[in-house]
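**Student:** show me how the following folds:
(chains A and B)
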Amino acid sequence: MSTSEELREALLDLEEARKKEALHRRMAEALLEGLHALVTSKDPNTMFTRLFDAMKEPLEFDSAFVLLQNHDGALVTLTTSSSVFAHRVWRPGAMLGRVLGGQPVAVFDTRLVEEWNTQPEEVLGAARSALHFSIRTTERNAIMVCTHPDRARFSKNHVTLARRFSMLATQALQKLESDEKLADLEKQLETQASIAELNRRLAESEQKLSRAKKMEAVGLLAGGVAHDLNNILTGIVSYPDLLLMDEDMRPEYREAIETIRDAGLRAAAVVDDLLTVAKGAASPREPLSLNALVNDYLLSPEHQRLLEADDGVVIETELGGDLLNIMGSPIHITKALMNLAYNAVEALQGTEGGRVLVRTENRYVDRPLKGYTEVRAGEYAVVSVRDNGSGISPEDLERIFEPFYTRKRMGRSGTGLGLTIVWNVMQDHGGYVDVTTGEGGTEFLLYFPAIREALADAPSFLRFDDYRGNGETVLVVDDLEDQRKTACAILRKLGYVPHSAESGEKALEYLSDHSVSIVLLDMIMEPGMNGMETYRRISAIHPGQKAVIASGYSMSEDVVAAQHMGAGIFIKKPYTIAKLGQALKEELTK
Amino acid sequence: MKLASGWSTNSDPGMAAKEAFGRMSEKLGTHPHLILLHSTCAYDNTIVLKHLRSLAPAVPLQGGTTCLGVLTEEGFHGDNQFGLGLLGVCDPEGGYGAGIARQGDNPAKAAVSALSRALEQAGRPGELPVAVVITSCPGNEETTIRAIEGYLGTDVPILGGTSADNDMTGQWQQFANDSVVRDGVSVAVLFPSGNVSYAFHSGYEPTGHGGRATRVSGRVLHEIDGRPAAVVYNEWTDGLIADTLPGGGSLVPTTSFTPLGQPVGQVGGVTYHKLSYPTASLPDKGLELFAEIQQGSEVVLMKGTTASLASRAGRVAKAAIHNAPFSGSETEGALMLFCAGCMLVVRDRMDEIVSDLKGILPNKSFLCSFTLGEQGCFIGGENRHGNLMIATLFLGSNRTG
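**Tutor:** Predicted structure coming up:
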């Protein structure tokens, strides 16, 4: 290639970079202007008017309006820059359905689109082309529509910008919702309550907002560090297990190594709790019986250890007959239940005649519970944990669900996140927590929306004797050297023959002329292909290849995708010998 | 989203369709939502389409004829003038459609008609596609591009190739769904769940020779700077076409390394060109071209080498990935349109071209068709028809770009 051709190509790259920079600059300026409008506008109409003004130049529209979805699915005009679009009702078809699903759509001719054709001529005349993108708050679906009277005015660049602006428009809608709620509250208080009550409720709202922000911060923290921490902890948890298998070890060493292992397990529990709190950690839902979960928990080793540590506390159950099922994540609900039981037992320490009552029942709720301005009316399955301790002070009660808030030593789980997990689990399940406390004790009630579906078959469990392998070959695929070493050491101990590969690419190279009984596959590997892609390609070489997935993160979309392709059990790092042994055995005997 | 190619050189059209579809399906692992088909005109393509439609009923299918064979990541596939290739797109969250129309005496209307049918089949009439792929018969490519831009606006990338035959005897065909025509335009519209990237380049550089097109009619360049175009061209090329000057004659592939260029834009002060392939010297000493040159515009003699043409496919692919709104690992596959004239002069270096492309698209599928003209989108965003070009369309799984 000649020098002039090189120069020509470098200039093309430069031009492309300039274009992108100009686009980003325009977008950044408009976003700043829009944010300023959000912060400084006094009323919703001014806010949206200024927001439309900020977006008008980069999105090159003539008019804009926001459609809000009603409970019956119809979209109605919330606000508009032009009276032509005011008070209109839209029935979503295929196009608006895609927009509500999150895809921005540019329409070059509205007269060809089903939903637009149901609008009167004056609307079609004012909007020959249109750009649609979704605005979603936690409570409502909405769409912002930018229009132009000329045909074919919106391009892929406008679509790209629309994706960015949807965040800003979402903030505006959320602010509007907050303002509306505040206005409702003010109206109610004007007629029902005193100024003091207003101040109290405002303070309560501020506290809730503060709590929500802390929850979000913990979620972000968890997402960021959990994977790395879990990878580090694999060595701390797994190597002691291997060393402790040496029966000739001197007792003082044994004690020290057990201390290291227990510290590692406690650290892993902290990360696990952080991940439970983290928003977005996918958790599969299934029909469940709270009665079965309570029974399983009471028989669990964790609960037995708790009882042994607090001799004298009596645990009683009153499990309601005909309890309605719920849709939920058994792991998360059990964790919430475990934290409530720990707290109850801990509250009774040193109390004569300490009793904890775990109760389940069906309830119909049609009015707000304490701490909630509104609840969805309907049937709920409720599990409650009540102790006869000395109760919680009003000051503590305000803050018990905040992350790391405790006036005692860190909870039994050692993480300071016990009740935060309870709060988050209930949020994720669309349920509610109610707390009553006083001198006679404290009761936590967890309200889960009830369903009428039957339960899936109960899972079966393997015994410890079945963990050991029988000379089967295992390919360990992990980008971190210490992870590979740890896994291989455990596998040898379990009686397997391990091989290892440092990347998906290397694994494929190995498997192109070898076969293995099972693959132990890391999900997140950098650089190069991830675990899901690796499994997809392994399947092309060895259809039906057995695999166990290991990751420092919770279940992710990639894990689910790999499992759909045929990969087996998912285990979270750090794993113990038992956990890995069980997973491998279960897959190999399928 | 996933892309996979399939190919066959079996001379039986039914068997060829089955073999290619089988190879594609095996890689894809499921049913496609769009099939792009490029096959040589030695086949009875009506039978090819009939078999493909029975294997994938109701799946949009678009394409046309290619010169002598096709290229995929598995190599060049052409044997005794028989060869066909498929590129299947599996994208359940996306939307795809194809349409076709005969040009008759109104190629612009035909283009819009084919485009409307494609949008209808995609279930998205009125919506702006992310990219448009076209295959047309030679002669009205510029009109086709202008008509599509008139309908959708000028900001949708249009990529495609002019359907070719094996010996320039007019046997070319265009396909969509279950229709095969010789004088039409077929269109595919793409609404992928991910995104697209594209590039449109030649492997040629301008020389110091240039002038102004002072008399033009259609695709015939009669005069440069008021002198017979063939005479001027012969001087610029040091007598390359002297044998044809007395009575005219074919210039294919004589002029493959020395096409004419028309400046279409500037980047940082450096001009980039659209190429026109001189295909015949006329008795009146005019030059017949395979792409329009505007009267009054500047024309420049361009030059290329075998090495620059052989390395160009890889470089264009690299440029498309470089500018893509998705990473290399998110790239799912590509369609390429490669000038048939260029292919003929670098035919013995096809393995090198495949190797380059596989290096840029490791473990991904691509399909390359050899065409008599290429349509693509330049860096400035202009959709153009040119000769001796390479046009690429990449699909990737990231939608945020």
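
**Student:** quick one: the helices in the stretch 101-250 of chain B?
**Tutor:** Per DSSP state H, counting those that start in this stretch, the stretch 101-250 of chain B carries helices over the ranges B:107-122, B:141-152, B:229-236.

**Student:** could I get these as a markdown table with mean neighbour count, distance to chain A and mean pLDDT?
**Tutor:** Every residue, glycine included, has its C-beta placed from N, CA and C. Putting those into a markdown table (neighbours: other Cβ atoms under 10 Å in any protein chain shown; distance: least, Cβ to the nearest Cβ, whole Å; pLDDT from 0 to 100) gives the following:
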| stretch | mean neighbour count | distance to chain A | mean pLDDT |
| --- | --- | --- | --- |
| helix B:107-122 | 23 | 8 | 97 |
| helix B:141-152 | 21 | 5 | 96 |
| helix B:229-236 | 22 | 19 | 97 |
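
**Student:** got these as TSV, with distance to A:Val365 columns?
**Tutor:** Converted to TSV, the helices of the stretch 101-250 of chain B look like this (distance: least, Cβ to Cβ, whole Å):
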stretch	distance to A:Val365
helix B:107-122	47
helix B:141-152	53
helix B:229-236	87
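
**Student:** so what's the spatially most central residue of chain B bridging to?
**Tutor:** Nearest to the mean C-alpha position of chain B, by Cα atoms, centre = their mean, lies B:Gly161 at 2.4 Å. On the basis of DSSP bridges, B:Gly161 is bridged to B:Thr135, B:Glu374.

**Student:** I'd say it and B:Leu337 touch.
**Tutor:** Yes. If you go by Cβ atoms under 8 Å, B:Gly161 and B:Leu337 touch, sitting 3.6 Å apart.

**Student:** so the nearest residue to A:Asn70 once chain neighbours are set aside: helix, strand or coil?
**Tutor:** For A:Asn70, ignoring the flanking residues on the chain, the nearest one in space by Cβ to Cβ, 6 or more residues apart in numbering or on different chains is A:Val76 at 6.2 Å. Assigned with DSSP: H, G, I helix; E, B strand; the rest coil, A:Val76 falls in the strand class.

**Student:** I'd assumed A:Phe65 was in contact with A:Val76.
**Tutor:** No. Using Cβ under 8 Å, A:Val76 makes no contact with A:Phe65, being 10.5 Å away.

**Student:** more neighbours: which of the two?
**Tutor:** Set A:Val76 next to A:Phe65 and count neighbours by other Cβ atoms under 10 Å in any protein chain shown: A:Phe65 wins out with 22 against 13.

**Student:** check which helix or strand A:Trp116 maps to.
**Tutor:** For A:Trp116, the host element (DSSP states H and E) is helix A:114-117.

**Student:** who touches whichever helix or strand comes after that helix?
**Tutor:** Sequence order places helix A:121-126 as the next helix or strand after helix A:114-117, per DSSP H and E. Applying Cβ atoms under 8 Å, 6 or more residues apart in numbering or on different chains, the contact partners of helix A:121-126 are A:Asp62, A:Ser63, A:Ser82, A:Val84, A:Phe85, A:Arg88, A:Thr110, A:Arg111, A:Trp116, A:Asn117, A:Thr147, A:Pro149.

**Student:** rewinding a little: separation between the residue nearest to the centre of chain B and B:Pro60?
**Tutor:** Distance, B:Gly161 to B:Pro60, using Cβ to Cβ, to the nearest Å: 18 Å.

**Student:** buried residues in stretch A:81-89?
**Tutor:** Of the residues in stretch A:81-89, A:Ser81, A:Val84, A:Phe85, A:Arg88 count as buried by neighbour count, 16 or more other Cβ atoms under 10 Å in any protein chain shown.

**Student:** now do the strands in the stretch 51-200 of chain B.
**Tutor:** Under the criterion DSSP state E, counting those that start in this stretch, the stretch 51-200 of chain B carries strands at the ranges B:61-65, B:70-72, B:75-77, B:84-90, B:95-102, B:131-136, B:158-162, B:174-176, B:179-181, B:184-191, B:195-202.

**Student:** check the stretch 301-401 of chain B too.
**Tutor:** According to DSSP E, counting those that start in this stretch, the strands that the stretch 301-401 of chain B contains are B:331-339, B:365-371, B:374-377, B:383-386, B:389-396.

**Student:** identify all contacting residues around the fourth one.
**Tutor:** Residues from elsewhere that reach strand B:383-386, judged by Cβ under 8 Å, 6+ apart: B:141-142, B:144-145, B:148-149, B:154, B:157-158, B:162, B:200, B:202, B:264, B:274-276, B:291-292, B:373-378.

**Student:** got it, and the second one?
**Tutor:** Applying Cβ under 8 Å, 6+ apart, the contact partners of strand B:365-371 are B:3-5, B:27, B:36, B:38, B:63-64, B:66-73, B:85-87, B:161-164, B:313, B:333-340, B:343, B:357.
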